[in-house]
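Chemist: Make a model of this:
(one chain, ligands or ions: 1)
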Amino acid sequence: MSIPPIRLAIAIDFFDSYNRLPKKVQGKASKLIDQFKKNPTQTGLNYESIKNARDSNLKSLRVDQSYRAIVRKPDNGNTYLLLWVDKHDQAYQWAQNRVCKINSESGALQIVDVEQAQNLEKQINHNNSSEVIGLFSQISTRHFLRLGVPEELLPSVRAVVSDSDIDQLLLQLPEEAADAILMLGAGYSLETVLKEHHKLKSEVIDPNNLDEALSKDETKRRFFLVEDDSALQEILAAPLEKWRVFLHPSQRRLVERDWNGPVRVLGGAGTGKTVVAIHRAKWLAQHCFNQENDRIFFTTFTRNLAIDIQMNLHKICSSNIMKRIHVENIDSWVSNFLKSEGINYKIVYEEQVKNLWQEAYTIAPTSPSLPLSFYKDEWKDVIQVHGVRTLKDYLKVSRVGRGTSLKRSERAAIWPVFEEYRSLLQHKGWKEIEDALRDVCSLLKNKPGITLPFRSIIVDEAQDMSEGVFQLLRTIVVSNNQGNDLFIVGDPHQRIYGHKVVLSHCGIEIRGRSHKLRINYRTTEQIRKWATAMLKDIPFDDLDGKLDNLNDYRSLLQGTVPNIQGFSSFEDEINFLIYKLKTISESEPLSNTCLVLRTNQLIKHYLHALNEHNIQAQQIKPSEPDNEEKPGVRIATMHRVKGLQFNRIFICSFNYDLIPLKFALQDISDDTARQNFLHLERSLVHVAATRAIQEVNIIYYGKPSPFLSSLEQDC
Ligand SMILES: Nc1ncnc2c1ncn2[C@@H]1O[C@H](COP(=O)(O)OP(=O)(O)OP(=O)(O)O)[C@@H](O)[C@H]1O
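Modeler: I've put the predicted structure just below:
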């Protein structure tokens, strides 16, 4: 008799439990999966019932004498689920408390720990008076189910009266429901939440149709449907990086669809923006732009980030798909493009033009009397942003956002300094990146015969890109009404280079296609909270002229609050640091720990001190990726750690004079520029802290940073 096709789906938790098995047992479990996959009804497989199971479909299978796998055997049909593997008693205990079933309203397949759900309800009720009306009393049971709340957790959801109840609840909800409850708790209307989760309409759900349930985005977050043996072997061979397979439904919805224009995705640190952008590139290359000459341009702010992206793309894309994805940071692409057109001027940055500014400043008038920093900011924020080339244009241009007002006569008086600076640049054969961007735009628009292969552009770290960059990207990928043209991800709270953009000013219309990611996958809730409190009361834009906030941003991981410790001298701080590093090195490689500092100068001091104490250290240099193979603690500036992650972060020398950087601040005379600088400094701390997976240490000597006192009330 021929066996009807078997379908096997493996739960995300199975892979975790599999990875914890001793190597020998893994081999046996892998053999069992193989057997099971071929024919789950064969006689060699002995399904054992589980005594006192809440879900009678859960059975155990023998891996060897001591270990058991837990599977869900269907009453009918041919879809089997592999759920867990563990030592005999632990596996049985796991199974006794769980039910694995289809949510009657959302249609997603869910695994619920019933005992934990009951304890949660008791705990929430215990904390609150029965007189208080639940936060979500207006919302019907059907709506909650539709948003993915399992039946077993409904009493807990009903009992919620405070934010801290929500925090407890989030840890037990399936992720789609956690996302929805987070939004409701943050004050979004039910309609908005239903719409965002594509649940405005109710569906007819067959609670026994596993195949239908497995096709839902929500189920794909926690079950891997085995369709291809080699993919499964690959997953079992190495600890699984979950982002490669299990996208959150809100991530998957952004990736796998045709968009009829530019898309903008915001999300706090660690919410998987880069992961989404990487999967999006793969999906586009596979499904939309799959002709021989089609290319997708994946760009980001720095060269290091581009290298990381390329490496991660390799993990999920075949070499054929990789051929169609071009990854390069924007400045490098601009420079290479100009070279390919025979234009060879040097593109220069702040450090290289310091002396030129000093020289141009010698001709500054005594009235109005303005410091050099004012000229540099005026150049960056007014003249370059608006592409001003003549005095006539400068007299007309809007200076919105600058704190010091200037009469027309004063503008005219200071103009020669800018002219001088430009002529010094010209004399050296140098240009700033903003001018280079304009040159590329004009070449693309005016020079016949230039054709670029890019059908679509993906932008990561969009918060650090200038309007000049977006104008260029818009020019490269001319809107041809075919959609899927631009996919932009970023987080204005992590802006550390100071460019603010309004996408619509660059011809990029994102209305109806702007989305947000809310669940932080990297860091613990305690660290996320601390890092977010650092930004309290600062208004942040949404890259398109409106405001964004982090009210509905949460982590589902728990840990300890950042440890803040002060010392009376540098030596004392170093002694503490050495003691901590030695302790850490007893249980894990120091390469998982990074020391983060405000300046390059400080890095030298710390490297020297570490060396004196025989602690191996690797500096993560500005223009090189971190070599993971090299042993030793990592050390980097706050700017350099952007986009990276480590188990433990030490932000060192968190001193009064260094954070914010006093010598840079005292140079700034313009009030608005000072405010902006302070915001950037806070964002730098936010970025540094959110690189940590597990632990953040803030250490200082002497007087602590003033940023710490503003946190005391919040954390
Ligand atoms: N669906 C997912 N499942 C499991 N882990 C995920 C998922 N999405 C992202 N992650 C993990 O979360 C971490 C952060 O992801 P990613 O770097 O994409 O976030 P991000 O929003 O770009 O972060 P940042 O803005 O802070 O640089 C990574 O370790 C990534 O592997």
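
Chemist: only C-alpha atoms for contact and neighbour calcs from this point on.
Modeler: Noted.

Chemist: Give me the secondary structure label for Gln110.
Modeler: Assigned with DSSP: H, G, I helix; E, B strand; the rest coil, Gln110 falls in the strand class.

Chemist: I am assuming it contacts Pro150, so please confirm or correct that.
Modeler: Yes. Taking CA atoms under 8 Å as the definition, Gln110 is a contact partner of Pro150 at 7.5 Å.

Chemist: Off-centre distance for the helix ranked longest in the chain?
Modeler: For the chain, the longest helix by residue count, based on DSSP state H, is helix 408-428. Relative to its parent chain, helix 408-428 has a centroid offset of 41 Å by CA atoms, centre = their mean, to the nearest Å.

Chemist: which residues are in contact with both of Gln110 and Pro150?
Modeler: Shared contacts of Gln110 and Pro150 (CA atoms under 8 Å, 6 or more residues apart in numbering): 103, 174.

Chemist: Write out the residues of the protein neighbouring the ligand.
Modeler: Counting by CA under 6 Å from any ligand atom, the chain comes close to the ligand at 242-243, 246-248, 269-275, 521-522, 643.

Chemist: Of those - the most surrounded one?
Modeler: Counting neighbours by other CA atoms under 10 Å, the top entry in the residues of the chain next to the ligand is Ala269, with 28 neighbours.

Chemist: what does the longest helix of the chain rub up against?
Modeler: 356-357, 359-361, 363-365, 367-368, 375, 379, 391, 394-395, 431.

Chemist: Recalculate using a threshold of 7 Å.
Modeler: 356-357, 360-361, 363-365, 368, 391, 395, 431 (CA atoms under 7 Å, 6 or more residues apart in numbering).

Chemist: JSON lines please, covering these and showing distance to Gln26, secondary structure and neighbour count.
Modeler: Below are these laid out as JSON lines (distance: CA to CA, whole Å; DSSP: H, G, I helix; E, B strand; the rest coil; neighbours: other CA atoms under 10 Å):
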{"residue": "Leu356", "distance to Gln26": "64", "secondary structure": "helix", "neighbour count": "16"}
{"residue": "Trp357", "distance to Gln26": "64", "secondary structure": "helix", "neighbour count": "22"}
{"residue": "Ala360", "distance to Gln26": "69", "secondary structure": "helix", "neighbour count": "20"}
{"residue": "Tyr361", "distance to Gln26": "70", "secondary structure": "helix", "neighbour count": "22"}
{"residue": "Ile363", "distance to Gln26": "75", "secondary structure": "coil", "neighbour count": "12"}
{"residue": "Ala364", "distance to Gln26": "74", "secondary structure": "coil", "neighbour count": "20"}
{"residue": "Pro365", "distance to Gln26": "77", "secondary structure": "coil", "neighbour count": "15"}
{"residue": "Pro368", "distance to Gln26": "76", "secondary structure": "coil", "neighbour count": "14"}
{"residue": "Leu391", "distance to Gln26": "73", "secondary structure": "helix", "neighbour count": "16"}
{"residue": "Leu395", "distance to Gln26": "73", "secondary structure": "helix", "neighbour count": "18"}
{"residue": "Lys431", "distance to Gln26": "59", "secondary structure": "strand", "neighbour count": "17"}
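
Chemist: which secondary element of this protein has the worst mean pLDDT?
Modeler: Least confident helix or strand of the chain, by mean pLDDT, DSSP states H and E, is helix 229-237 with a mean of 82.

Chemist: what's the farthest-apart pair in the contacts of helix 408-428?
Modeler: Using CA to CA, those span at most 28.0 Å, a distance reached by Pro368 and Lys431.

Chemist: Phi first, then psi, for Asp667.
Modeler: phi -80, psi -20 (degrees, to the nearest 10).

Chemist: So for the longest helix of the chain, what gets flagged as buried?
Modeler: 411, 414-418, 420-422, 424-425 (16 or more other CA atoms under 10 Å).

Chemist: same question, stretch 193-208
Modeler: Applying 16+ other CA under 10 Å to stretch 193-208 flags 193-194, 197, 199-200, 205, 207-208 as buried.

Chemist: for stretch 85-95, same thing?
Modeler: Neighbour-count burial for stretch 85-95, counted by 16+ other CA under 10 Å, picks out 85-88, 91-95.

Chemist: Equivalent analysis for stretch 230-242, please.
Modeler: Per 16+ other CA under 10 Å, stretch 230-242 contains these buried residues: 232, 235-236.

Chemist: circling back to that earlier point, make CSV from the contacts of helix 408-428 and add pLDDT to it.
Modeler: As requested, the contacts of helix 408-428 are exported to CSV (pLDDT from 0 to 100):
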residue, pLDDT
Leu356, 96
Trp357, 96
Ala360, 96
Tyr361, 96
Ile363, 93
Ala364, 90
Pro365, 90
Pro368, 89
Leu391, 96
Leu395, 95
Lys431, 96
